[in-house]
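> here you go, sequence then predicted model.
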Amino acid sequence: MSHDLLRVAVLLATTALAVGGGFSWRRIAALRGSRRNQYDLFYRLAWGETTTNNYGFAPSPIASPQRFQLQMYDELCKLLEKAGWVGSGRVLEISCGRGGGLSHLASRHPAIRAVGLDFSRVAVAFCGSHHATDRLRFVAGDARVLPFADACFDVVINVEASNAFGTGDALFREVARVLRPGGAFLYADSRMSHNVPKISRSLESAGLHGELRDITENVRRSCEEDTPRRLQQLRDAAPWPIGPLLASRLKSYAGVTGSRMYEKFRTHKREYFLACLRREEPGPGIPSSAPTARSIAASEISPQLV
């Protein structure tokens with residue numbers, strides 16, 4: 001979620017709290033000033049059974065109201081399977097949100113062991129109560145300072161969250177650090193079209209190599225076909241009078257037909273891309289990452305954090 005969209009969500013959440021009388025304005029101002037609390041406020045909204053938060057990929061054969069969002073994960077896995085992945089190994093999703101995408105992958109690939117990380121402790125608590133198993137765990141943490149040892153994952157996933165980190169340099173460096181040599185980074189996000197080359201350069205600089213595949217038309221179609229569900233979701237999360245006050249911004253956030261975000265996808269002013277990038281194998285002149293005091297092995301994640 002971009003900073004602009006997060007600000008919309010926080011405005012919605014704090015307005016709802018103010019209308020409900022649950023917090024003083026001083027308390028609301030304090031909450032809005034904390035990045036972690038901003039994300040926590042977002043995940044405290046009435047999302048019901050919704051567990052995914054991306055623009056989606058169409059068409060999709062999945063029998064679920066969130067089929068387009070889950071299809072995005074399947075499309076990423078298709079790229080990995082084409083590269084020879086057999087559906088096993090250690091997997092990390094950075095910014096897992098409410099965990100629906102990672103849970104979907106874990107159910108389809110029973111040989112993987114997966115960890116979902118999110119900055120919001122509210123999101124992590126939800127994931128722990130709805131998705132956690134002996135193969136699927138969740139932990140709170142910062143994507144720019146991952147709490148894992150070097151080279152401890154075979155696959156890292158990041159869906160529609162890197163835009164919260166500007167060019168993504170810090171995020172991409174951490175992805176490369178925790179990936180084993182030859183490991184894969186499954187990456188999906190969007191940028192204004194003229195900024196996509198900057199993302200490619202940032203990925204290359206971090207040692208992550210591969211092609212960004214343009215799927216803007218698939219995302220546009222998803223936005224169109226999913227508009228009725230998304231509008232209902234907005235009505236549920238933003239009841240009167242909040243919804244009408246923020247209608248234009250919320251519709252753009254959701255990418256519904258006719259919104260500003262939808263129009264950017266339709267006109268290709270904004271490009272949505274998908275990629276399976278590889279961390280380069282070490283060789284002469286390529287130093288390994290130095291161990292850090294903050295790092296812990298993925299196998300050592302405390303059950304109390306799940």
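Received the coordinates, thanks. Just so you know, these numbers come straight off a predicted model, no measurement behind them.
> low-confidence regions, the protein specifically.
By pLDDT under 70, the weakly predicted segments of the chain are 1-36, 239-245, 281-306.
> and the helices in it, which stretches?
With DSSP state H as the criterion, the chain has helices at 3-20, 25-32, 35-43, 67-82, 100-108, 121-130, 169-178, 196-205, 216-237, 242-245, 247-254, 260-266.
> mean neighbour count added to those, as CSV?
Bear in mind the C-beta positions are built from the backbone N, C-alpha and C, glycine included. Written out in CSV, the entries for those read as follows (neighbours: other CB atoms under 10 Å):
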stretch, mean neighbour count
helix 3-20, 17
helix 25-32, 13
helix 35-43, 20
helix 67-82, 20
helix 100-108, 22
helix 121-130, 20
helix 169-178, 21
helix 196-205, 16
helix 216-237, 19
helix 242-245, 15
helix 247-254, 19
helix 260-266, 18
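> now the ones you listed in JSON lines, with distance to Val159?
Formatted as JSON lines, the entries for the helices of the chain read as follows, by distance: least, CB to CB, whole Å:
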{"stretch": "helix 3-20", "distance to Val159": "14"}
{"stretch": "helix 25-32", "distance to Val159": "26"}
{"stretch": "helix 35-43", "distance to Val159": "16"}
{"stretch": "helix 67-82", "distance to Val159": "6"}
{"stretch": "helix 100-108", "distance to Val159": "6"}
{"stretch": "helix 121-130", "distance to Val159": "14"}
{"stretch": "helix 169-178", "distance to Val159": "13"}
{"stretch": "helix 196-205", "distance to Val159": "15"}
{"stretch": "helix 216-237", "distance to Val159": "12"}
{"stretch": "helix 242-245", "distance to Val159": "26"}
{"stretch": "helix 247-254", "distance to Val159": "16"}
{"stretch": "helix 260-266", "distance to Val159": "16"}
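> hey, which strand is longest across the chain?
The single longest strand within the chain, with elements called by DSSP state E, is strand 179-192.
> that strand pairs with which strands?
With DSSP bridges as the test, strand 179-192 is paired with strand 153-159 (parallel), strand 270-279 (antiparallel).
> any idea which of these is most buried?
The highest mean neighbour count among the strands paired with strand 179-192 belongs to strand 153-159 (a mean of 25), with neighbours defined as mean count of other CB atoms under 10 Å.
> ok now it, how far from the chain's centre?
For strand 153-159, the separation from the chain centroid amounts to 11 Å (computed by CA atoms, centre = their mean, to the nearest Å).
> okay, the angle between that strand and helix 67-82?
Between the axes of strand 153-159 and helix 67-82, defined by axes from the mean of the first three to the mean of the last three CA atoms, to 10 degrees, the angle is 150 degrees.
> what residue, apart from its backbone neighbours, is nearest Gly99 spatially?
Using CB to CB, 6 or more residues apart in numbering and skipping residues adjacent in sequence, the residue nearest Gly99 is Cys127, 3.6 Å away.
> against Asp189, how distant is that neighbour?
Distance of Cys127 to Asp189, given as CB to CB, to the nearest Å: 21 Å.
> do Met72 as well
Taking CB to CB, one finds Met72 at 11 Å from Asp189.
> tell me, what's touching those two both at once?
Common neighbours of Met72 and Asp189, counting by CB atoms under 8 Å, 6 or more residues apart in numbering, are Val159.
> coming back round to it: may I see the strands paired with strand 179-192 arranged in CSV, with distance to Val178 as well?
As requested, the strands paired with strand 179-192 are exported to CSV (distance: least, CB to CB, whole Å):
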stretch, distance to Val178
strand 153-159, 5
strand 270-279, 9
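> which of these sits closest to Glu81?
strand 270-279 (9.3 Å; CB to CB).
> CA atoms of the closest one as CSV?
Output of strand 270-279 as CSV, limited to C-alpha atoms (Å, rounded to 0.1, in the frame of the first residue of the first chain):
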residue,chain,number,x,y,z
ARG,A,270,0.4,3.4,-14.4
GLU,A,271,2.0,0.1,-15.1
TYR,A,272,1.5,-3.0,-13.1
PHE,A,273,4.3,-5.6,-13.3
LEU,A,274,4.9,-9.1,-12.1
ALA,A,275,8.4,-10.8,-11.8
CYS,A,276,10.3,-13.8,-10.7
LEU,A,277,13.8,-12.4,-10.0
ARG,A,278,16.8,-14.4,-9.0
ARG,A,279,19.5,-13.6,-6.5
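> relative to helix 216-237, how tilted is that strand?
For the pair strand 270-279 and helix 216-237, the angle between their directions (the same axes, to 10 degrees) equals 110 degrees.
> pull out the buried positions in the longest strand of the chain.
Buried residues in strand 179-192, counting neighbours by 16 or more other CB atoms under 10 Å, are found at Leu179, Arg180, Gly183, Ala184, Phe185, Leu186, Tyr187, Ala188, Asp189, Ser190, Arg191.
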